[in-house]
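In: what's the 3D shape of this:
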Amino acid sequence: MRLNGEISHWGEEEEEEEEKRESEVNILAFPQQQKLVVGYALTLKKKRSFLQPKFERLARNKGILLVAIDLNRPLSDQGPFDVILHKLLGKEWCEIIEDYRKNHPEVTVLDPPDAISHLHNRQSMLKDVADLDLSDCNGRVGVPRQLFVMKDPLSIPDEVTKAGLCLPLVAKPLVVDGSTKSHHLLLAYDQLSLSKLEPPLVLQEFVNHGGVLFKIYIIGDAIKVLRRFSLPNVSKCNLAKDAGVFRFPRVSSSASSADDADLDPGIAELPPRPLLEKLARELRRRMGLRLFNIDMIREYGTRDVFYVIDINYFPGYGKMPDYEHIFTDFLLGFEQNKCKKRSATQLVEGLPGVEVGRAADKPDIPPDHGYQTKRLTVVPNYIPLNKYKTKNPQIEGTDFHTRNLFPSQLTFTFFHEPDSSCAYKQY
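Out: All right, here's what the predicted structure looks like:
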């Protein structure tokens, strides 16, 4: 599985060999209470920030075995894994992990490459937010008006005028590739300076927000919100006297924490919890991701008007207080789901006349329904169906709809074939 240098920020050969030796030692020395095997394929930068000693110790104590994936060997020859955690770039890696997902549906991949790819382009990044209606959750969430420019910087002033965007405008690179450059911000104060920008890029209307940004970290169902200092408000006086394009550093880094600052309560107040919970839930469902963060601002002078300005996949959790406990608990949730699936499957497989297969074997189930599905084919007279439960006393009360987090949901599909007719129930 040598990846021909396509993966960005990958470490040196010596470090890979050392990591491989450490993984082999860990496997041999791991305590008997092992519950979950997590294979990881991360950039060198991500390994250093995420796999901190405290996190590794806590994971080991909770029965989680972290194993480095060897990129020089076929992925199918490694493991077995319960979960694969990855953040690598490159077409070849995406093809490898997608192929692995198809051949190993029992393994949870965090997260699917095709879902992650939507956050690598700012043209698709915020689309799901724009489609949301959260007006029933003590607030409104939207996206700043924006314009995508692919080429010809000289045409930008006219395009901005036609789109009706108001100055100042925040300019961001269109492609998000994990580099520092992809997070650089420019603030353009006047029309003439717009032609100095370098496409492809996205232009967002600048929304005054009191200089504070909310970083909302999502780890499965868990939500953690931190305050960060951001760009200051821009007044009409500033617009009148300032001209040109100004470069800003990455404003939401951990070094700019505003959690302990003495701020105006109207600016510092966190977004309502019901709003955050519904926003996170809807984005998890729509994007098919479980590891991401949201950059959100509150419009200055309001209490309940919010804008999402960026979404990042597998962000810097190492900067988040107590991330070790939150993330290990998240991983252990997959072990609990695995035990539920195993118990349900064993109950049914033990009955006479039960055949376990794949949903893809059944031609009248659409192959693109989006779920990894196990089919339990039941011989007539053994398990007649009654809604979502079976009447068979051996498994009475067992709910076979065992849910993992989207999109790796496992659905048991029951087939009942009385009188040679096919009547099946999927739930």
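In: Where does residue 330 sit: helix, strand or coil?
Out: helix (DSSP: H, G, I helix; E, B strand; the rest coil).
In: Now it: closest residue in space that isn't a chain neighbour?
Out: Among residues not flanking residue 330 along the chain, residue 220 sits closest, at 4.5 Å (CB to CB, 6 or more residues apart in numbering). C-beta: built from backbone N, CA, C; applies to glycine.
In: residues contacting that neighbour?
Out: Residues in contact with residue 220 (CB atoms under 8 Å, 6 or more residues apart in numbering) are 290-291, 330, 333, 405.
In: Helices of this protein, residue ranges please.
Out: 13-29, 44-50, 53-61, 91-103, 113-116, 122-125, 127-130, 156-163, 236-241, 265-268, 273-287, 323-349 (DSSP state H).
In: a markdown table for those helices, including distance to residue 210?
Out: Shown next, in a markdown table, are the helices of the chain (distance: least, CB to CB, whole Å):
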| stretch | distance to residue 210 |
| --- | --- |
| helix 13-29 | 43 |
| helix 44-50 | 29 |
| helix 53-61 | 34 |
| helix 91-103 | 40 |
| helix 113-116 | 32 |
| helix 122-125 | 24 |
| helix 127-130 | 21 |
| helix 156-163 | 25 |
| helix 236-241 | 15 |
| helix 265-268 | 4 |
| helix 273-287 | 18 |
| helix 323-349 | 27 |
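In: Of those, give the one that comes closest to residue 314.
Out: Smallest distance to residue 314 across the helices of the chain (CB to CB): 7.3 Å, for helix 44-50.
In: Alpha carbons of the closest one, as PDB, please.
Out: Listed next in PDB are the C-alpha coordinates belonging to helix 44-50 (Å, rounded to 0.1, in the frame of the first residue of the first chain):
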ATOM      1  CA  LEU A  44       2.500  13.700  11.100                       C
ATOM      2  CA  LYS A  45       1.100  17.000  12.200                       C
ATOM      3  CA  LYS A  46      -2.100  15.400  13.300                       C
ATOM      4  CA  LYS A  47      -0.400  12.600  15.200                       C
ATOM      5  CA  ARG A  48       1.600  15.100  17.200                       C
ATOM      6  CA  SER A  49      -1.300  17.200  18.100                       C
ATOM      7  CA  PHE A  50      -3.900  14.500  18.700                       C
END
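In: That helix - what's its average pLDDT?
Out: Mean pLDDT, helix 44-50: 95.
In: swap in stretch 259-269?
Out: 83.
In: all numbers from here: first residue = 55
Out: Sounds good: first residue 55 from here, last item stretch 313-323.
In: outside of it, which residues touch it?
Out: 263-266, 280-281, 283, 312, 352, 354, 357.
In: could those go into CSV alongside neighbour count and distance to residue 365?
Out: Shown next, in CSV, are the contacts of stretch 313-323 (neighbours: other CB atoms under 10 Å; distance: CB to CB, whole Å):
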residue, neighbour count, distance to residue 365
263, 24, 17
264, 18, 21
265, 18, 21
266, 22, 18
280, 19, 15
281, 21, 18
283, 17, 20
312, 18, 20
352, 25, 17
354, 15, 22
357, 13, 23
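In: Among the residues you listed, find the lowest-pLDDT one for me.
Out: Out of these, that is residue 312, at 78.
In: Find the nearest non-adjacent residue to it, please.
Out: residue 281 (4.1 Å).
In: Which strand residues bridge that neighbour?
Out: On the basis of DSSP bridges, residue 281 is bridged to residue 268.
In: Over to residue 258?
Out: residue 200, residue 224.
In: Does it touch residue 222 like I think?
Out: No: judged on CB atoms under 8 Å, residue 258 makes no contact with residue 222 at a distance of 10.1 Å.
In: circling back to that earlier point, put together JSON lines for the helices of the chain, with distance to residue 138 and mean neighbour count on each row.
Out: Output for those, formatted as JSON lines (distance: least, CB to CB, whole Å; neighbours: other CB atoms under 10 Å):
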{"stretch": "helix 67-83", "distance to residue 138": "14", "mean neighbour count": "12"}
{"stretch": "helix 98-104", "distance to residue 138": "14", "mean neighbour count": "17"}
{"stretch": "helix 107-115", "distance to residue 138": "15", "mean neighbour count": "14"}
{"stretch": "helix 145-157", "distance to residue 138": "7", "mean neighbour count": "15"}
{"stretch": "helix 167-170", "distance to residue 138": "11", "mean neighbour count": "18"}
{"stretch": "helix 176-179", "distance to residue 138": "24", "mean neighbour count": "18"}
{"stretch": "helix 181-184", "distance to residue 138": "24", "mean neighbour count": "16"}
{"stretch": "helix 210-217", "distance to residue 138": "42", "mean neighbour count": "15"}
{"stretch": "helix 290-295", "distance to residue 138": "49", "mean neighbour count": "10"}
{"stretch": "helix 319-322", "distance to residue 138": "39", "mean neighbour count": "12"}
{"stretch": "helix 327-341", "distance to residue 138": "19", "mean neighbour count": "18"}
{"stretch": "helix 377-403", "distance to residue 138": "11", "mean neighbour count": "17"}
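In: I appreciate the help and will end here.
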